[in-house]
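*Asks:* curious how this folds, go ahead:
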Amino acid sequence: MKAQKPAEGISKINEFWDSIWYQVECECQYPDHCHKVEVEADHEMKSVSVNVYTEVYTPFWSKSRWKMIWEILTKGYAHHEACIILKDQAAVNYAGALKDASQEVRNSLK
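*Replies:* Numbering: from 1, shown residues only. Reported below is the predicted structural model:
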């Protein structure tokens, strides 16, 4: 399989002089299951970094508020999990987008 352009499941949402932003869609098509990926040049370290952003919501239907409060008070955090499901082609496109963006922002370091 080869990465597609335009890519199935991957959308370029913005581009700055030293970073590129993508939105990666979950196979289930639920908008809250997607995540955003930023590939950026770090000029101080002369390297490229990839940042993944996922919004996580509190599952009030599975835990009571008191249990959530107790978990935060005793552990200092509440455990949440985010998941994204990709088809084979979308996964290849994801990898291809990261590779291309990494090379592109690396060029801005020169």
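*Asks:* longest helix of this structure?
*Replies:* For the chain, the helix reaching the highest residue count under DSSP state H is reported as helix 88-107.
*Asks:* what lies in contact with it?
*Replies:* 1-4, 7-10, 12, 18-20, 22, 24-25, 27, 37, 39-41, 48, 50, 86 (C-beta atoms under 8 Å, 6 or more residues apart in numbering). Bear in mind the C-beta positions are built from the backbone N, C-alpha and C, glycine included.
*Asks:* just the ones of the residues you listed in strands?
*Replies:* Those of the contacts of helix 88-107 mapping onto strands are 10, 12, 19-20, 22, 24, 37, 39-41, 48, 50, per DSSP state E.
*Asks:* circling back to that earlier point, buried subset of the contacts of helix 88-107?
*Replies:* 3, 7, 9-10, 18-20, 22, 24-25, 37, 39-41, 48, 86 (16 or more other C-beta atoms under 10 Å).
*Asks:* give me the lowest-pLDDT entry from those residues.
*Replies:* Least confident by pLDDT among the buried ones among the contacts of helix 88-107: that is residue 7, with 76.
*Asks:* may I ask which helix or strand of the chain has the lowest mean pLDDT?
*Replies:* Ranked by mean pLDDT, DSSP states H and E, the weakest helix or strand in the chain is helix 65-75, scoring a mean of 85.
*Asks:* please tell me how far the residue of the chain most remote from its centre sits from residue 79.
*Replies:* No residue in the chain sits farther from the centre than residue 66, which is 30.7 Å out by C-alpha atoms, centre = their mean. According to C-beta to C-beta, to the nearest Å, residue 66 stands 16 Å off from residue 79.
*Asks:* what bits of this structure have low per-residue confidence?
*Replies:* Within the chain, the stretches with pLDDT under 70 are 6, 57-63.
*Asks:* recalculate using a threshold of 90.
*Replies:* Residue ranges of the chain with pLDDT under 90: 1-11, 16-18, 25-35, 41-72, 76-94, 101-110.
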